[in-house]
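> what follows is a predicted structure for the sequence shown.
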Amino acid sequence: MFKFSRFSRFLIAVALFSVGVFAVGAYATHSWGNYHWARTANPLVLKLGDNVSSSWDAYLAAASSDWNASSVLSTTVVPGRANPKNCRATSGRVEVCNSKYGNNGWLGIASIWATGDHITKGTVKLNDTYFNTAKYNTPAWRQFVACQEVGHTFGLDHQDEVFTNTNLGTCMDYTNDPAGTLYGQLNNVHPNAHDYEELGIIYAHLDTFTSAFNKTASAQARDVDESNPSEWGKVVRKSHDGRASLYERNLGNGNKLFTFVIWAD
C-alpha cells in the first residue's frame, strides 16, 4: 500500500478541490461580466416594450413567456415607446423593435446600457431586410433571434459561438439550423435548463435599489445610433468565424454600452 506524507495528502486534496471548482465554473459561464438589473427582490420585474409589427408579435410574446420560466424573471410585454426606425432606448426597460435596417450584415442586435455593473436600459433590433428573405423568413429563425437578443438584455451571454457545432437546444447557442431539421438535431428556439441555471446565479444576490422602471437611471449615458456599427465602440470578442460578436463603448462617468450582434451569412 502506498503511503503519503501529510504534505502530499494536502496537495492531493487541493488538486481535487480545484478540479471540482473548475468543473462547476465551466458549466455555468455564459453571463457577460457581472452585469445585471438591480432589484431589491426576486423575481426581476421588467417591461419589454412592443415596437414590433404583427409579423413579430407572436415571437416577442413567446420569448417573454419562455424567459419567464426562470424563477428570477417576470417580464411583461407592454406598448412600446420607441420609433422602430431608431428604436431609442427608454430608461428602466427594454424596447424591442423591427424594421428594414439595411444590408448591413446583421440579423439582430441587442444593445445594453450599464452604469457600473447594473443594467439601466436596453434595446433589441430585428432586421427585416434579411427576415423578409426566403432564408430567414421562417418561424425558427425569427424565434431563435428574438429569444437570443432578449436574453442578452438580462445579462446572459452565448453558450456557444460556433455556428456549425451541434445544437445545444438553446437560443443562446449560435447555429445555422435553428429548427434542427437540416441535420436532425435539437432546435435552438427556446432557452434551456442551463440558461435558467445561469440566470439563477446572476440574480442570486439582491441590491439596495432597482434599475428596472427607474426613469432616471443612467441619465448621463447618452443615446447613440445602435444601428450603425461605427457607434458600437471597440470589439471585445469575436466568434469562431472571426466576426465580432460583442462590442463595448465607454460613454463616460461609469456608463458603458454593450452591443451583441448576430450576423447573417
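Done, it's in. Numbers count the residues shown, from 1 in each chain.
> what segments of the stretch 101-250 of the chain are strands?
Assigned by DSSP state E, counting those that start in this stretch, the strands in the stretch 101-250 of the chain fall at 106-115, 118-127, 234-238, 244-252.
> export the ones you listed to CSV and tack on mean pLDDT and mean neighbour count?
Every residue, glycine included, has its C-beta placed from N, CA and C. Shown next, in CSV, are the strands of the stretch 101-250 of the chain (pLDDT from 0 to 100; neighbours: other CB atoms under 10 Å):
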stretch, mean pLDDT, mean neighbour count
strand 106-115, 97, 25
strand 118-127, 98, 26
strand 234-238, 89, 13
strand 244-252, 94, 17
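> run through the chain and note the low-pLDDT ranges.
1-31, 215-224, 226-227 (pLDDT under 70).
> 50 instead, please
Residue ranges of the chain with pLDDT under 50: 1-28, 217-221.
> before we move on, the earlier item: between the strands of the stretch 101-250 of the chain, which one is nearest to residue 100?
Nearest of those to residue 100, taken as CB to CB: strand 118-127 at 7.4 Å.
> now do that closest one and strand 106-115, the angle between them.
Here strand 118-127 points in a direction 170 degrees away from that of strand 106-115 (axes from the mean of the first three to the mean of the last three CA atoms, to 10 degrees).
> what sits closest to the residue nearest to the spatial centre of the chain if chain neighbours are left out?
For the chain, the residue nearest the mean C-alpha position is residue 152 (1.2 Å; CA atoms, centre = their mean). Once flanking residues are discounted, residue 152 sits nearest to residue 110: 3.8 Å by CB to CB, 6 or more residues apart in numbering.
> in contact with that neighbour, which residues?
Taking CB atoms under 8 Å, 6 or more residues apart in numbering as the criterion, residue 110 is in contact with 122, 123, 124, 148, 149, 150, 152, 153, 259, 260.
> relative to residue 246, how far out is the residue nearest to the centre of the chain?
Distance, residue 152 to residue 246, using CB to CB, to the nearest Å: 9 Å.
> overlap in contacts of those two?
Shared contacts of residue 152 and residue 246, defined by CB under 8 Å, 6+ apart, are found at 32, 260.
> so what pairs up with residue 113 in the strands?
Per DSSP bridges, the residues bridged to residue 113 are residue 121, residue 257.
> that one contacts residue 256, doesn't it?
Yes - counting by CB atoms under 8 Å, residue 113 touches residue 256, with 7.4 Å between them.
> just to revisit the earlier point, any idea how far residue 166 is from the residue nearest to the centre of the chain?
The value you get for residue 152 to residue 166, if CB to CB is used, is 22 Å.
> cool, and residue 60?
Counting by CB to CB - residue 60 and residue 166 are separated by 28 Å.
> return the residues in contact with residue 101.
So residue 101 contacts 125, 127, 128, 129, 227 (CB under 8 Å, 6+ apart).
> for those residues, give me TSV that also has distance to residue 79.
Converted to TSV, those look like this (distance: CB to CB, whole Å):
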residue	distance to residue 79
125	18
127	22
128	20
129	25
227	22
